[in-house]
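Student: Model the following, please.
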Amino acid sequence: MSSEGIVSRLAEQLVEATRRSTWAKANGQDSRTMEAVVQSLRQTLACVVQFCSPRDLGPEAFVLLVDADGASQIRHAGQALPVGDPHVRHLFEDAGVGLLPGQAIVLAPRIVRLATEDALSEIGVEEARIRDQKKNLIEAFLTAEALENCEAQRAALKPSEAA
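Tutor: Presented below is the predicted three-dimensional model:
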């Protein structure tokens, strides 16, 4: 997409997100996440109009990258964060912003916090499941070991009984 096309699309997304955020705030709804989407789009637009790609920002930046298939990932310090695509996508869609293939967006801290909070919660559930599986395996191991020791003791007693 050309530079003008990128700016035009960002401006459209910014207008829609601003409209929804303003409406939510005027109707007493929590608009903080929508405002964070607006902030993200503004930061991205400022970067692009200065002929800078969000992909080229330093390691301290959090950048949402959307691949050609539409899947997204958050990059920070040269790495992809293990954050679920559906959650991030939902945050933007609530603000009326559809993520486009090839798009790169500089993320506001609130978006990163919400996305990582959700991922940490999912990891906590997974850790609990793994701890439970580990506990069951340890119990099975100890039971099998005890049975094996009993069999070995029985086998050791049998020859002496025969004498």
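Student: residue boundaries of the helices in the protein?
Tutor: Ranges of helices within the chain are 3-26, 32-49, 85-94, 109-162, based on DSSP state H.
Student: For the shortest one, list every residue counted as buried.
Tutor: Counting neighbours by 16 or more other Cβ atoms under 10 Å, one finds that the buried residues in helix 85-94 are 85, 87, 88, 89, 91, 92. In this view, the C-beta of every residue, glycine as well, is placed from N, C-alpha and C.
Student: Let me know the closest of those residues to residue 36.
Tutor: Nearest to residue 36 among these is residue 91, at 7.9 Å by Cβ to Cβ.
Student: residues touching that closest one, list them.
Tutor: By Cβ atoms under 8 Å, 6 or more residues apart in numbering, the contact list for residue 91 reads 33, 36, 37, 111, 114, 115.
Student: Could you dump those into CSV and include distance to residue 24?
Tutor: CSV is the format used below for the contacts of residue 91 (distance: Cβ to Cβ, whole Å):
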residue, distance to residue 24
33, 9
36, 12
37, 11
111, 16
114, 16
115, 20
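Student: for the buried residues of helix 85-94, which one is nearest residue 3?
Tutor: For these, the closest approach to residue 3 (Cβ to Cβ) belongs to residue 92, at 21.9 Å.
Student: I figured the closest one hits residue 38, correct?
Tutor: No. Using Cβ atoms under 8 Å, residue 92 makes no contact with residue 38, being 10.8 Å away.
Student: returning to what we had before: among the contacts of residue 91, give me the pair with the biggest separation.
Tutor: Distance extremes for those: the farthest pair is 37 and 115 at 12.0 Å, using Cβ to Cβ.
Student: between these two, which one's more packed in?
Tutor: Between residue 37 and residue 115, counted using other Cβ atoms under 10 Å, the more crowded position is residue 37 (30 against 23).
Student: count of residues packed around the residue nearest to the more buried one when sequence neighbours are not counted?
Tutor: Excluding its sequence neighbours, the residue lying closest to residue 37 (Cβ to Cβ, 6 or more residues apart in numbering) is residue 95, at 3.9 Å. Counted with other Cβ under 10 Å, residues neighbouring residue 95 total 25.
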